[in-house]
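[1] need coordinates for the following:
(2 chains)
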Amino acid sequence: MSAPTKVLIVDDHRMFREGIRTQLARHARFRVVGEAANAADAITIMREAAPSIVVLDIRMPGASGIELARHLRSEWPDVKILVLSGYDFDQYVRALVRIGIHGYLLKDSPQETLVEALDQIVSGGVVLPPRIASKVMRSYAAESAHDDPGRRWDLTLREIEVLEFLHEGLRNADIASHLDISTRTVETHVSSIISKLGARTRTEAVRQAVLSGLIR
Amino acid sequence: MTLVLTHLASQRPADLGLTLTSCGGSACVGWVMPAGYGWYRGARPGMRVVSVDGGDHPVEARLVRPDGTTFSVGVAPSAVVGRGAELFLGLAGAAFALLAAAVLVRRPDAPAARLFAVFAGLAAVALGVAPAAGGPHPGWALGVQFLAILAFAASLPAFAVAFVGSWNEPNRSLRLFWLGGGIILAGYLFAVVARPSVYATVRVAFGLYLAISIVSAIGLLAGRATASSVRPAVYEARVALAGIACGALPFVVLTLIPELAGYPEPAPWYITATLSGIIPTAFAYAILRHQLLGIRRLVHRGMVYGITALALLVILSLLVNAVRGFVGATYSSAVTLLLVGLGALLFDVLRRGVRHLIDRLVYRDKVDSQGLLANMRHDLLGSHGAEKVAEVIVGRLQHALGLEAAVLILGTKSASMRVAASAGSRSDESIAFIRPRLANLAIPEDGLADVWWDSDVLVVAPLQASSDTLGFLVLGPKEKGEVFVHEERLLIATVAPILALALRETTLLAELREVSQRLINAEESERARIALDLHDGPLQKAILLGGLNGAAVRDGNGIASELVAELRELCARLRPAILDDLGLVPALDWLLEQASHQYAVMPSLTLRGMTEDDRLAPEAEVALFRVTQEAVTNAVKHGQAKAIQVSLTRTTDTLALRITDDGKGFSTAEGVPRGLGVPGMRERLRQIGGSVTVASGRGDGTVVTALIPYLSQEHG
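    Numbers count the residues shown, from 1 in each chain, chains lettered A, B, ... in the order given. Okay, here's the model as predicted:
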């Protein structure tokens, strides 16, 4: 039999920590190497005991569990993280999945699910609440349509407005009257947009902008 | 001028009745005054002259009738006066014509101004066609002059009435006087057409008429001059009378008495003419100094400036000419060039100096800047509310600057502009005129724009506090057609930003008070709701779980999970943890998701130039989240919106949050309706250095745009 998996519990509530510890004590394949009530303690224990799984609460005084997860991920890329959370909002799950956690468990789920989840993670799997998992998958499918949603174009707000009107197929004069500016100003904006997007024509600029998610 | 005309009219008919000219080697009659003395004696144009004698003035001529018989008649050999006087009369006529034209163009609506124009126009015609000035054709010059002087005489008393008092319409005695003039005219025409002998009588009547006109005008002035009531008018009349006395005395002493007594004139004509010039000068001074006849409407100070600038130019060119003559031909062109350059450089400085002198000496402007500013300080210190301050200060400006209208307009877009305060008798007209023009007004560097309103100038000062333009201060026209002088413009340019600042501060204070009151109310009612929810839900369930009532709980787990859900929702309502944990974008995503569950609405969130994980400064995140929350609630509850688009756009230095809905919207003309929490939004954004604008139209939905300087909160 291999060595037990070293577990670190991070939660600011003593009651929760003890609950998890008692639960895990029944299973020899897990060994709780440390308990931390905040991010700073957790990092100290990480350095000293080198656990391979961290069970993490999101809400903590000081640095939040999310910040801690991000920090763990960058400093100890191999450590596995299971987040215990009171929130069943998919925004949390999506944000944490982007950081690269391995599991998300609601605190009010049945007791035995914790051990099941840890087993799943140890064997290389991922644990997400089923309702949230499907939503997260859908939203990722939608986002992958845009190759680089976060890319920053140094377009001004006005230029983006003009771009939207161009997308709608308006002529310069119409745009000018919509925005209450002169046609000459619109022309300046359009040529600036074209050069910033690296396009040759306005049509190409619009296509570029739509493809990169700058406008929809 | 009047005296020159009188002088002309009082010439014996023999002097003016006919002139001689040369025709084919011998002398003959050039023209004969219709119905004049020569005409009466039988002289006709073209009659041959047998002999001329009697010295130089007047002359006796012997003429040959067509039947061969001869007779004698007195003639004026050339003109009544010399060439210098011709020039003088011509120039004076041109000046009067110019004045009449200017007055008519500037104020065709004021009766007194029309009268003044008629007066000046008639004087111009009388002078211009005078035989002495040459005239277009001597044959009818006297006829026209007769008419001109007659009409002049008819309008003189009316002018005097307008001069000393208010002129509305002619009274009965004036009408009678004009009737007399009509009768004389009829008599003159009768003499020309039918009976030349009548002319002698007409001429006497004419002289009498002119005399009565002058005497009555002087009488009117004298009556006003001795009156004790209206002080400015008394001064005017006194100055005019003094002018007439000063001008008339030399004429009587130097010209009239010697001529009547048969002595040669003791002084050359030009001395008399120059001294007579005192009369119009005195009139002009009285008119300008005491703002007679609303003269500042007629002869605008701008005109006076223009004329003095022109005179300055003439003087400069005369100087250049004189120096040129002095230097001699060799260096003349170089010196001229130098002097012209120097003159051009000096011209503006001199022009300003002359302007200043005119302002000081003639108009004696006194702008009590210090008093006004002190009063403003007082108003601001004891102020309660922006509207009150605006009202009081606009009133002060109107009074201190002597304005017919002073208006304070808040708002910069034509749709949202509203009049916050106004004062003065013509403020309504001014508002109607300026309102549609304000939005497109180009404000120059010095912060004041001039807008022409007919012949008046409105000064428009934008109310700028830091970079915001709150509205406009529209001042003018000035009373009595006055113009704004330099000091007044400086004062306006100083007062406008102070006023803007004060308005903004008091508006902000009022908004702040409202916001804090609303916050307190909101906090209290939210507390009450939470207390109620805690009592009805979690507390009851906790009691059940605790089994205080001794009864066994059948479904403990079910109640516990309900308790958890209820507490969770309460927590989220107090402060969405998601905002602190994940940042603005996930929180907005959550907010819109909640909205779509709660209401029948389709929300969407668009990000440009930022990702879901980007964090902002915590206070910025809260502010933008609350603004969105408020806007979404408004859209759903007030606007019954079906779709809400939220976009976050990050540019190089700005983050723009825009919430667009397709709801009912509202008309922004009356300002943003209360109850939408806009002051609260504004206050939140203001605290993080941002701004919020709400644009809407009835049936057009609403667009809320919040802009903040981009504050990145990068994760290390």
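[2] secondary structure element for residue B:373?
    Using DSSP states H and E, the element containing residue B:373 is helix B:369-381.
[3] how about that helix: buried residues?
    The neighbour-count check on helix B:369-381 (16 or more other CB atoms under 10 Å in any protein chain shown) flags B:372-373, B:375-376, B:379-380 as buried. No exception for glycine: its C-beta is placed from N, CA and C like everyone else's.
[4] for these, which one is nearest residue A:73?
    Nearest to residue A:73 among these: residue B:380, at 58.9 Å, using CB to CB.
[5] residues in contact with that closest one?
    Residues near residue B:380 by CB atoms under 8 Å, 6 or more residues apart in numbering or on different chains: B:389, B:502.
[6] roughly how far does it sit from chain A?
    35 Å (CB to the nearest CB, to the nearest Å).
[7] domain boundaries for chain A, per the record?
    Recorded structural domains for chain A (assignment: automatic domain parsing) are A:5-143, A:157-211.
[8] next one: residue 183, what pLDDT does it get?
    The chain I'm using is chain A. In this prediction, residue A:183 carries a pLDDT score of 85.
[9] wrong chain, I was asking about chain B
    At residue B:183, the model reports a pLDDT of 90.
[10] what's the nearest residue to it if we skip its chain neighbours?
    Closest residue to residue B:183 apart from its sequence neighbours, by CB to CB, 6 or more residues apart in numbering or on different chains: residue B:205 at 7.9 Å.
[11] assign a three-state SS to that neighbour, would you?
    Recorded secondary structure, residue B:205: helix (DSSP: H, G, I helix; E, B strand; the rest coil).
[12] for the spatially closest residue to residue B:700 that is not a sequence neighbour, phi and psi?
    Leaving aside its chain neighbours, residue B:700 sits nearest to residue B:665 (4.6 Å; criterion: CB to CB, 6+ apart). With angles defined as degrees, to the nearest 10, residue B:665 sits at phi 70, psi -170.
[13] tabulate the buried residues of helix B:369-381 (JSON lines), appending distance to residue B:198.
    Putting these into JSON lines (distance: CB to CB, whole Å) gives the following:
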{"residue": "B:372", "distance to residue B:198": "68"}
{"residue": "B:373", "distance to residue B:198": "72"}
{"residue": "B:375", "distance to residue B:198": "71"}
{"residue": "B:376", "distance to residue B:198": "73"}
{"residue": "B:379", "distance to residue B:198": "74"}
{"residue": "B:380", "distance to residue B:198": "78"}
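[14] select, from those residues, the two members most distant in space.
    So for the buried residues of helix B:369-381, where distance means CB to CB, the most widely separated pair is B:372 and B:380, at 12.4 Å.
[15] so how far is the helix holding residue B:373 from its chain's centroid?
    How far helix B:369-381 lies from its chain's middle: 25 Å, per CA atoms, centre = their mean, to the nearest Å.
[16] that helix - what's its average pLDDT?
    Rounded mean pLDDT across helix B:369-381 is 80.
[17] do the same with stretch A:94-113
    84.
[18] can I assume residue B:629 sits in a strand?
    No. Counting by three-state DSSP, residue B:629 falls outside a strand, being helix.
[19] and for it, the neighbour number?
    Per other CB atoms under 10 Å in any protein chain shown, the neighbour tally for residue B:629 reads 19.
[20] the closest residue in space to it that isn't next to it in sequence: neighbour count?
    Once flanking residues are discounted, residue B:629 sits nearest to residue B:591: 6.1 Å by CB to CB, 6+ apart. Neighbourhood size, residue B:591 [other CB under 10 Å]: 21.
[21] same deal with residue A:40?
    Residue A:40 is flanked by 11 other residues according to other CB under 10 Å.
[22] looking at it, it is touching residue A:62, isn't it?
    Yes. Using CB atoms under 8 Å, residue A:40 is in contact with residue A:62, at 7.3 Å.
[23] returning to that earlier point: wait, which of the domains of chain A is closest to chain B?
    Across the domains of chain A, the minimum distance to chain B, taken as CB to the nearest CB, is reached by domain A:5-143, at 3.8 Å.
[24] hmm, back to that, want to try CSV for the domains of chain A, with distance to residue B:433 as columns?
    As requested, these are exported to CSV (distance: least, CB to CB, whole Å):
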stretch, distance to residue B:433
domain A:5-143, 57
domain A:157-211, 23
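[25] which one of those domains lies nearest to residue B:180?
    The nearest among the domains of chain A, by CB to CB, is domain A:157-211 at 66.5 Å.
[26] skipping its backbone neighbours, what lies nearest the spatially most central residue of chain B in space?
    Centroid check for chain B by CA atoms, centre = their mean gives residue B:457 as the closest residue, at 2.0 Å. Closest residue to residue B:457 apart from its sequence neighbours, by CB to CB, 6+ apart: residue B:450 at 5.3 Å.
[27] that concludes my questions; thank you for your assistance.
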